[in-house]
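S.K.: Sharing a model prediction with you, sequence too.
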Amino acid sequence: MQEVYDTIIIGSGPAGLTAAIYAGRAELKTLVIAGVKYGGQLMDTTIIENYPGFPEGINGPELIERMIAQAQKFNAQIIFEDVLKVELKDKIKKVYTSEKEYQTKTVILALGANPRKLNVTGEEKLWGKGVSACAVCDGALFKNKEVAIVGGGDSAMEEASFLTNFASKVYLIHRRDSFRAAALMQKKVLNNPKIEILYNSEIKEIIGTDKVEALKITNNKNQTSQILKVDGLFLAIGHIPNTQIFQGQLELDSDGYVIIKNDVETSIDGVFASGDIKDKAYKQIVTAVSGGAIAALKADKYLKEN
């Protein structure tokens, strides 16, 4: 007879692993399908300074390994396979990986979202070594240094302003001659003496050996190029939630994020979502951890009532 889990958690970032810890402690029969490449964005994060309990900081992979060990301590089963397909609408839900089919009474979705990238030379090599998609996470590492941020929406304005709390200079690079951000947010940036705006500009290369040293920037109007010396580059050009396999089953918004109610509940009973897969605003480890805990508690409550 096919084994049926109490909950299957898809994803192994902070949200998914926290859900596993809470589900395991509640003595739910728990399976975490972590993915072949597990750990989410934290696996590309060198130092985390804003996660409580680590005053000296902790690197992302170490935090993930500690969370995995804690989940396993509470008997959560963790497998390193990729999910290919799900069937969520029936009471017993099915999750298919490249290896086999798994069945469960509840599902917690914690697949996260990936930052949109520039896809230029040097980006992958220097990711986490001066290239970041989170000013709130990494801005404090650039105290009294010069940094650049690329984008033209509300997030870019907000993060550029935030970076001026630490950096001596912030270059805001935008490929068009005007921003799409709200007027009030634009005004805040335009009036900040620490921010210099480079309109009609595109980054063609990120230069550096083991850390960001400079950017090669081309003006898309006159095709002139310049080398801009900076210590860091922040991307604020959006994220892509990993929800493609749920299209047609779950309610998603126009950007592909899971639509939720009551913190973590999706449009299907017994299916919960946590972390960046539904968080468009904050994308912090602590908010992901919170969501993972709530999702596991909600799954436990659902199982007791159904």
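M.R.: Good, I have the coordinates.
S.K.: which one is Leu42 nearest to, not counting chain neighbours?
M.R.: Counting by Cβ to Cβ, 6 or more residues apart in numbering, the nearest residue to Leu42 once its immediate chain neighbours are dropped is Gly60, at 3.5 Å. For the C-beta atoms, the positions are set from N, CA and C on the backbone; glycine is no exception.
S.K.: Next up, the contacts around that neighbour.
M.R.: Contacts were defined as Cβ atoms under 8 Å, 6 or more residues apart in numbering; by that measure Gly60 touches Gly39, Gln41, Leu42, Met43, Asp44, Thr45, Thr46, Ile48.
S.K.: Helix, strand, or coil at the spatially closest residue to the first one that is not a sequence neighbour?
M.R.: Spatial nearest neighbour of Gly39, excluding adjacent residues (Cβ to Cβ, 6+ apart): Ile64 at 4.1 Å. When the structure is split into helix, strand and coil by DSSP: H, G, I helix; E, B strand; the rest coil, Ile64 lands in helix.
S.K.: mind checking how far Ile64 is from Glu99?
M.R.: 22 Å (Cβ to Cβ, to the nearest Å).
S.K.: who has more neighbours, these two?
M.R.: Set side by side, Ile64 and Glu99 show unequal neighbour counts under other Cβ atoms under 10 Å, the larger going to Ile64 at 21 against 12.
S.K.: what about stretch 167-184, average pLDDT?
M.R.: When pLDDT is averaged along stretch 167-184, the result is 96.
S.K.: Could you export that stretch as CSV, CA atoms only?
M.R.: Extracted as CSV, the C-alpha positions of stretch 167-184 are listed here (Å, rounded to 0.1, in the frame of the first residue of the first chain):
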residue,chain,number,x,y,z
ALA,A,167,27.4,53.9,1.7
SER,A,168,29.3,57.1,1.0
LYS,A,169,27.9,57.2,-2.6
VAL,A,170,25.1,55.3,-4.4
TYR,A,171,24.8,55.2,-8.2
LEU,A,172,21.3,54.4,-9.3
ILE,A,173,21.5,52.9,-12.8
HIS,A,174,18.4,52.8,-15.0
ARG,A,175,18.1,51.8,-18.6
ARG,A,176,15.4,54.4,-19.4
ASP,A,177,15.3,58.2,-19.2
SER,A,178,12.5,58.1,-16.5
PHE,A,179,11.5,56.0,-13.6
ARG,A,180,8.2,54.0,-13.2
ALA,A,181,8.3,54.4,-9.4
ALA,A,182,5.8,56.4,-7.4
ALA,A,183,6.4,60.1,-7.6
LEU,A,184,6.9,60.5,-3.8
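S.K.: who touches it?
M.R.: Applying Cβ under 8 Å, 6+ apart, the external contacts of stretch 167-184 come out as 139, 142-154, 156-157, 160, 163-164, 186, 189, 192, 194-203, 215, 217, 220-221, 228, 230, 232.
S.K.: Can you say which of those residues are buried?
M.R.: Buried members of these, scored by 16 or more other Cβ atoms under 10 Å, are 139, 142, 146-154, 156-157, 160, 163-164, 186, 189, 195, 197-199, 201-203, 215, 217, 228, 230, 232.
S.K.: Which of those residues fall in strands?
M.R.: Secondary structure assignment by DSSP state E places 146-150, 195, 197-198, 201-203, 215, 217, 228, 232 of those in strands.
S.K.: That concludes my questions; thank you for your assistance.
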